[in-house]
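Enquirer: Predicted model follows, preceded by the sequence.
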Amino acid sequence: MSMIHVNTTVNGDEVDFVCDPRETLLDVLRDRLSLTGAKEGCGTGDCGACSVTVDDRLVCSCLMLGAEAEGKSIATIEGMATTEALDPLQVKFIEYAALQCGICTPGILIATRALLAKNPDPTEEEVRYWLAGNLCRCTGYDKIIRAVLDTAKDLRADAGEAR
Amino acid sequence: MSTGIGARVKRKEDKRFTTGKGKYTDDIRNDNQAYAAFVRSTHAHANIKGIDASAALAMDGVIEVLDGHQLTGDGIGNIICGWAVTSKDGSPMNMGAWSALATSKARYVGDAIAVVIAETQAQARIAAEAVVVDYEELPAIAHVMKAMAEDAPNIHENAPGNLIYDWELGDEALADAGLASATHITTLDLTNNRLSPNPMEPRVAIATYDDAEEHYTLHTTSQNPHVARLLLSAFYQVAPENKLRVIAPDVGGGFGAKIYVYPEEITCLWASMRTNRSIKWTSDRSEAFLTDAHGRDHVTTAKMGFDDNHKIVGFKVDTVANLGAYMSLFSSSVPTYLYATLLSGQYNIQNLHCNVRTYYTNTVPVDAYRGAGRPEATYVMERMMETAARELDMDPAELRRINFIQTFPHQTPMLMAYDAGDFPKILEMAQDAADIAGFAARKTEAAGRGKLRGIGYSTFIEACGLAPSQAAGSLGAGVGLWESAEVRVNPVGSIEILTGSHSHGQGHETTFAQIVADRFDIPIESVSIVHGDTDKVQFGMGTYGSRSAPVGMSAVVKAMDKVEAKVKKIAAHTLEAAEEDIVIEGGQVKVAGTDKAMGWHEVGLAAYIAHNLPEGMEPGLKETAFFDPVNFSFPSGAFICEVEVDPDTGVTEIIKFTAADDFGTIINPMIVEGQVHGGVTQGIGQALLEQVVYDDDGQLLTGSYMDYTMPRAADIPFFDVSHHETPSPNNPLGVKGCGEAGAIGSPPAVINAITDAIGNNNLAMPATPQAVWRAIQATKSVAAE
């Protein structure tokens, strides 16, 4: 099958790649761009381990074709920390030990960032329902939910100070 | 801030995990990488009359198609069960032959028959669909209670009636006599539902053959890479141990499913040699449901007798367990030595007997899943206690208290000698935290909203750190269950710990470093943990059965004892003092009561420079140790679950879950809490949501997350977790193991709470809304009669 040439932006950098039209965005990220932070937990959009944002919208990269990335802006876990510092969410997840084996963590962090961009002051229930698309078999979600609520609180305080 | 034992140290591994830089097996891609896809049986039971790979071989990118005749022809051995269980009549268990690729017969849907090797994963998967297998279908057995029927089809020739063994533990005559003397007898029929472990990382294997060195490297998602190498070389004849390196890098959860060597690793290693390519196989989720070992699947009848004082005077358990189509590595031990041995629970019971029959069925092999036998025992025990309390019109906590073991060590009639505990204390802690006193008011308030509130207990014991090796061997274990460690103090004083334990979420890089930082009073940053690579770590038994702390850390402590002794000798020699006056503190090695001291790093340097060592001392500062415990450790816990059921929909909401655990000494409370949270959540999953379903033909109906319901964030509450520490006398740290308690203790607490809420004790797991609603309707119709 003929390959497709795609121009896109990944974590702020302009990127081009060639892929088979059947390849998913997850395949492209992992196998062609060596961005292995997003994981395949199910391949059917049920577990959220492959979560990325595409033009700021949260998607399962296993359900989107690589060719569909043309002209889009993709954000993955690899772009969350800057060279100087971890993102406040990453800091808080470490502080709470809100992860164990770590395989679902990139997806949960990406999904959480998308939540807080939409809703800076979520209730516990809102966090739980938002993250219901991300399966974690290790943590029982307890420390994850606490870390998210605490990060949101800190970010609101920071935003208040900035004003 | 302290980084020693008991400190809430942030996990050293988490920076790489939170930044997407963890290195899991599927993240590795070798040069010259080829990909494997398996041709799997579409029938639960069928003779294989022929395999036609010609169409597949002609497809784009296909390198080779290999089958079971080629595999066995190359001398690859059958997969074995490593624990010999003997039937009560003295006959050995009936282990059926299991070839990594089936040759003449497929015994479950998903049984591997052939492998396709191709240039890409997609090409391999597409070509696998094009391999034509000529099946002669046979009648299949999907459910264990049908395996024993007289007209049941026979799955393995050497297992008449599909029976694997008929085993017993305890004294049946005593149990019968005890029941005969009882003034009240409680009887229950219980099913422990079949589960799929579901680590979020599916299994992966990358096998790489180096023809120049005749050497194999296997990267794999294993909880125990050394055990894998031992099996692959000694039993499966893939390669001698010195020609096989097994690496388990970051592993995304295990829960038991990644203990075993599966057909895929064996086949990929062999195929790598046959094709002279590095072969990568990645399971997809449906393949994981089809082929990862399942857990539980017991059917049990239990009878418990009480005297006038409500003391247990007899307990008899009869269990039938499904081991699936083949005997997986530890499958035989799960419903026997990891199950019946715990049927005394937290209670003083003298007259106890358990009979266990295991059978083959045309389903995926069943083996250890988080808890392994102990959740099944706890479910029987704690459903019995709650039911008996209701029948005796007693407070369920009071019935438990009356029967609690009070003194330790305690020898049960089921082989176990409990080490330490304080059962009344943890029950009291749980009751206080759960605000039992306020429950009646909460129930009334809920009733006012049309909701049914219920509360359920589970007070349980488990056994961790399976040991000692000699005892395990006498019970049929094929391996010794010790652990090894090496402590390498570098010339500048930093330390590497090499351990045979394997971390796949447990945080060993942190907790193992904590015990070293604590012992030598050095910064935790200067301690690194090396694990998961058979070329680096000499040997190890790996991580399962909550053994890493009681056994793995104990080996580290033993090695540190040796390091400390040598450090003190060197310091005494250099500082011209007596060895017994040397103390290690604050990064220094000092002569007590003086200002004479060497830096910790100076002792390391002295050991390696070796210009001035005591007479006859070897240079260097590196010690190894093997730790073989004298006994299991016995964590205990008291769980209380409070639920609210909507009688119109049958939906159960867990309002509060309280856990009071005794894990002995706690190294890092933050990590221990996480283990409890995750374990309890898996137990809630078993109680409310999860169930592997096969249809009558043996077709798996729960092959995706749309069909197999996993607990999600919105299904689970925050947890109330507390600890009471009675140190185990059986290891130097006093630790007991915490990885499985949550999954072991929680299912009966949930079911006891729901049955309390709805007033109908006849409710099986998983208590789905439909099942609960039906149970409520049954109560109403009984009430109406």
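Expert: Nice, I can see it.
Enquirer: From here on, just use CA atoms for contacts and neighbour counts.
Expert: OK.
Enquirer: can you pull the pLDDT of B:S474?
Expert: B:S474 is assigned a predicted lDDT (pLDDT) of 86.
Enquirer: for it, what are its contacts?
Expert: B:S474 makes no contacts at all, as judged by C-alpha atoms under 8 Å, 6 or more residues apart in numbering or on different chains.
Enquirer: and stretch A:109-125, does that touch chain B?
Expert: Yes - using C-alpha under 8 Å from any C-alpha of the partner chain, stretch A:109-125 reaches chain B at A:L109, A:E125.
Enquirer: Just the buried positions in the lowest-mean-pLDDT helix or strand in chain B, please.
Expert: Each helix and strand of chain B was given a mean pLDDT (mean pLDDT, DSSP states H and E); the minimum falls on helix B:469-474 at a mean of 85. Buried residues in helix B:469-474, counting neighbours by 16 or more other C-alpha atoms under 10 Å in any protein chain shown, are found at B:S469, B:A472, B:G473.
Enquirer: The closest residue to chain A within the stretch 401-550 of chain B: what's it in contact with?
Expert: Residue nearest to chain A within the stretch 401-550 of chain B: B:G505 (3.5 Å; C-alpha to the nearest C-alpha). Counting by C-alpha under 8 Å, 6+ apart, B:G505 touches A:L99, A:Q100, A:C101, A:G102, A:C138, B:V251, B:G252, B:G253.
Enquirer: what about B:A302, distance to B:H353?
Expert: From B:A302 across to B:H353, the span is 10 Å (C-alpha to C-alpha, to the nearest Å).
Enquirer: hang on, the earlier thing: report the two of the contacts of B:G505 separated the most.
Expert: A:L99 and B:V251 (13.2 Å; C-alpha to C-alpha).
Enquirer: follow-up on the earlier one: pull up the overlap in contacts between B:A302 and B:H353.
Expert: Here B:A302 and B:H353 share the contacting residues B:F315, B:K316, B:V317, scored by C-alpha under 8 Å, 6+ apart.
Enquirer: Near residue 122, how many other residues are there?
Expert: Picking chain A for this. As a burial measure, A:P122 scores 17 neighbours (other C-alpha atoms under 10 Å in any protein chain shown).
Enquirer: nope, chain B please
Expert: Neighbouring residues of B:A122 were enumerated by other C-alpha under 10 Å; the total is 16.
Enquirer: Just the element for it, please.
Expert: Here B:A122 is covered by helix B:121-130, with elements defined by DSSP states H and E.
Enquirer: so for that helix, what's the average pLDDT?
Expert: Mean per-residue pLDDT for helix B:121-130: 97.
Enquirer: Pull the residues that contact that helix.
Expert: Here helix B:121-130 makes contact (C-alpha under 8 Å, 6+ apart) with B:34-39, B:53, B:55-57, B:59-62, B:115-118.
Enquirer: Narrow these to just the buried residues.
Expert: B:34-39, B:53, B:56-57, B:61-62, B:115-118.
Enquirer: right, and the pair among those with maximum separation?
Expert: Taking C-alpha to C-alpha, no two of the buried ones among the contacts of helix B:121-130 sit farther apart than B:A34 and B:A53, at 18.3 Å.
Enquirer: where do the strands sit along the stretch 1-150 of chain B?
Expert: B:33-40, B:46-52, B:62-67, B:105-106, B:112-118, B:132-137 (DSSP state E, counting those that start in this stretch).
Enquirer: Ok, the stretch 501-650 of chain B next?
Expert: B:527-530, B:582-585, B:588-591, B:597-599, B:622-627, B:636-645.
Enquirer: Please point out which parts of the second one sit buried.
Expert: It stands for strand B:582-585. Within strand B:582-585, the residues that count as buried by 16+ other C-alpha under 10 Å are B:I582, B:V583, B:I584.
Enquirer: Redo those residues as a markdown table? Include distance to A:D87 and pLDDT.
Expert: Shown next, in a markdown table, are the buried residues of strand B:582-585 (distance: C-alpha to C-alpha, whole Å; pLDDT from 0 to 100):
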| residue | distance to A:D87 | pLDDT |
| --- | --- | --- |
| B:I582 | 46 | 97 |
| B:V583 | 43 | 96 |
| B:I584 | 39 | 96 |
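Enquirer: so which of these comes closest to chain A?
Expert: B:I584 (30.3 Å).
Enquirer: partner residues bridging that closest one?
Expert: Assessed by DSSP bridges, B:I584 has beta-bridge partners B:V589.
Enquirer: Against B:V9, how distant is it?
Expert: B:I584 is 22 Å from B:V9, by C-alpha to C-alpha.
Enquirer: Need the pLDDT of B:A467.
Expert: 72.
Enquirer: which parts of the stretch 551-700 of chain B sit against chain A?
Expert: Within the stretch 551-700 of chain B, the positions near chain A by C-alpha under 8 Å from any C-alpha are B:M670, B:I671, B:G674, B:Q675, B:H677, B:G678, B:G679, B:V680, B:T681, B:Q682.
Enquirer: Just give the number of residues close to the nearest residue to B:H69 once chain neighbours are set aside.
Expert: Leaving aside its sequence neighbours, B:H69 sits nearest to B:T103 (C-alpha to C-alpha, 6 or more residues apart in numbering or on different chains; 5.9 Å). Counted with other C-alpha under 10 Å, residues neighbouring B:T103 total 22.
Enquirer: which residues touch B:T103?
Expert: By C-alpha under 8 Å, 6+ apart, the residues touching B:T103 are B:I48, B:D67, B:G68, B:H69, B:I113.
Enquirer: surely B:T649 meets B:T768?
Expert: No - in this structure, B:T649 is not within contact of B:T768 by C-alpha atoms under 8 Å, at 10.2 Å.
Enquirer: Among the two, which residue is more densely surrounded?
Expert: B:T768 (18 against 13).
Enquirer: which stretches of the chain aren't confidently modelled?
Expert: Chain wasn't specified; assuming chain A. A:1, A:163 (pLDDT under 70).
Enquirer: not what I meant, chain B
Expert: Scanning chain B for pLDDT under 70 picks out the ranges B:1, B:785.
Enquirer: Residue numbers of the stretch 401-550 of chain B in contact with chain A?
Expert: B:H504, B:G505, B:Q506, B:G507.
Enquirer: any idea which of those has the most stuff around it?
Expert: If you rank those by neighbour count (other C-alpha under 10 Å), B:H504 sits at the top with 27 neighbours.
Enquirer: Which phi and psi values does that residue adopt?
Expert: Main-chain torsions, B:H504, degrees, to the nearest 10: phi -130, psi 50.
Enquirer: and B:R11, how far is that from A:V91?
Expert: Applying C-alpha to C-alpha to B:R11 and A:V91 gives a distance of 12 Å.
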